[in-house]
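Visitor: Model the following, please.
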Amino acid sequence: MRASLGALVLSLVVAAALTPVVRWGAKRAGVVDNPGGRRVHTRVIPRLGGLAVVAGFFAPLAALAFTQSDVAEMFYADPLRSVGLAVGGVIIASLGAWDDIRGVRAWHKLAVQLLAALVAWGCGFRMEHLTLPFVGELDLGVFGLPFTLLWIAAVVNAMNLIDGLDGLAGGIAFFACLTNFVVAALNGNPLVMLIAAALGGAILGFLLYNFNPATIFMGDSGSMFLGFVLATTSMMGASIQGSTTVAILVPLISLGVPIMDTLFAMVRRIVERRPIF
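Guide: Purely as a prediction, here's the structure:
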């Protein structure tokens with residue numbers, strides 16, 4: 001619990017300190033969101049705030065290398081999974097930042113998202129078995145890989161699409177982190193508790209500047225990164241015997257609104273014979 005509290009505080013401080021710096025840099029570089037169209041803001045707002053969230057999240061995880069604790073030993077006991085979280089997260093955040101700056105076509109964006117998901121799968125973030133209510137344990141077999149890739153890409157894009165109002169994506173992600181933290185605490189999983197606390201603290205640090213009226217947006221660099229961490233964290237919880245169903249259902253329920261909104265948007269476009277992307 002102390003490690004989680006420390007992660008929460010450190011990530012909050014780092015994100016809160018870096019967000020004004022990112023805001024200044026985005027303004028200088030012209031990476032801004034202009035008003036008009038469907039946008040509800042009436043003035044120019046800088047993007048790229050997600051970079052501060054990314055830095056805030058990784059700060060306490062990097063600090064584990066310099067501490068002697070049971071959580072640090074658990075985190076680095078499986079270095080491949082740590083690499084998957086870091087490399088996949090950096091790929092997703094870099095994709096989002098490039099999209100914020102230059103713009104990325106939908107197919108290219110999906111391809112890179114699947115690449116990050118594949119990296120995560122190769123590093124041990126896998127859905128191979130599911131425990132379903134009234135059904136029991138289901139062995140995914142050869143469908144484990146596509147199911148894992150679909151899960152990660154779906155949560156990443158759901159968080160990306162819900163990011164349209166001040167504090168909305170960050171607020172939803174924070175309560176998903178809070179839910180994950182409580183479930184992990186009940187199941188005795190300090191590693192998931194630490195990651196949930198680190199992400200939650202980074203979100204809170206950024207939300208200080210993103211609540212209405214927002215002075216900076218997280219952009220795709222932040223929203224997609226949040227989705228990636230939430231998706232992979234759910235699989236870390238699923239590796240604990242007896243908590244598979246809860247670990248999968250928690251993010252599914254927490255992100256139910258953006259996930260359903262994504263599905264309805266796809267259905268509307270199909271009915272109207274418009275390209276889904």
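Visitor: buried ones in the longest helix seen in the chain?
Guide: In terms of residue count, the longest helix belonging to the chain (DSSP state H) is helix 2-29. Neighbour-count burial for helix 2-29 flags 3-4, 6-8, 10-12, 14-16, 18-19, 22-23, 26-27 (criterion: 16 or more other CB atoms under 10 Å). Heads up, the C-betas are built off the backbone N, CA and C, glycines and all.
Visitor: go on, stretch 116-124?
Guide: In stretch 116-124, counting by 16+ other CB under 10 Å, buried: 116-121, 123-124.
Visitor: quick one: contacts of that stretch?
Guide: 78, 80-81, 83-85, 87-89, 91-92, 95, 145, 148-149, 152-153, 228, 232 (CB atoms under 8 Å, 6 or more residues apart in numbering).
Visitor: do stretch 89-105 as well
Guide: With CB under 8 Å, 6+ apart, stretch 89-105 has contacts from 29, 31, 47-48, 50-51, 54, 57-58, 109, 112-113, 115-116, 119, 156, 160, 219-225, 227-229.
Visitor: rerun at 6 Å
Guide: 31, 47-48, 54, 112, 116, 219-221, 224-225, 228 (CB atoms under 6 Å, 6 or more residues apart in numbering).
Visitor: From these, which land in helices?
Guide: Among the contacts of stretch 89-105, DSSP H puts 54, 112, 116, 219-221, 224-225, 228 in helices.
Visitor: roughly how far apart are Thr232 and Leu5?
Guide: According to CB to CB, to the nearest Å, Thr232 and Leu5 sit 23 Å apart.
Visitor: can you check Gly25 too?
Guide: On the measure of CB to CB, Gly25 and Leu5 end up 31 Å apart.
Visitor: do the same with Gly50
Guide: As for Gly50, its distance to Leu5 is 24 Å (criterion: CB to CB).
Visitor: again with Arg126
Guide: 30 Å.
Visitor: got the contact list for the spatially most central residue of the chain?
Guide: By CA atoms, centre = their mean, the chain has its centre lying nearest to Leu226, at 1.8 Å. Going by CB under 6 Å, 6+ apart, Leu226 touches 159, 173.
Visitor: For this structure, just list every one of the strands.
Guide: 32-33, 45-46, 129-132, 136-139 (DSSP state E).
Visitor: Now tell me which of those strands the model trusts least on average.
Guide: Comparing mean pLDDT across those, the lowest value falls on strand 129-132: a mean of 68.
Visitor: starting at the chain centroid, how far to stretch 68-86?
Guide: 19 Å (CA atoms, centre = their mean, to the nearest Å).
Visitor: Can you get me the start-to-end distance on that stretch?
Guide: 21 Å (CA to CA, to the nearest Å).
Visitor: outside of it, which residues touch it?
Guide: For stretch 68-86, contacts defined as CB under 6 Å, 6+ apart pick out 3, 64, 119-120, 123-125, 190-191, 194.
Visitor: what's the average pLDDT for that stretch?
Guide: pLDDT averaged over stretch 68-86 gives 81.
Visitor: From Glu73, how far out is Ala59?
Guide: 19 Å.
Visitor: Looking at those two, which has the bigger crowd around it?
Guide: It is Ala59, of Ala59 and Glu73, that has more neighbours when counted by other CB atoms under 10 Å, with 20 against 11.
Visitor: list the contacts for that one?
Guide: Contacts of Ala59 (CB under 6 Å, 6+ apart): 10-11, 14.
Visitor: got it, and Ser223?
Guide: Contacts of Ser223 (CB under 6 Å, 6+ apart): 159-160, 163, 169.
Visitor: ok, and the most crowded of the residues you listed?
Guide: Neighbour max across the contacts of Ser223 (other CB under 10 Å) = Met159, 30 neighbours.
Visitor: Please read off the pLDDT at that one from the model.
Guide: 87.
Visitor: In stretch 90-105, which residues are buried?
Guide: 90-101, 104.
Visitor: What score does Leu168 have for pLDDT?
Guide: Here, the pLDDT recorded for Leu168 equals 82.
Visitor: So, low pLDDT: which residues of the chain?
Guide: 35-42, 131-137, 164, 237-255, 277 (pLDDT under 70).
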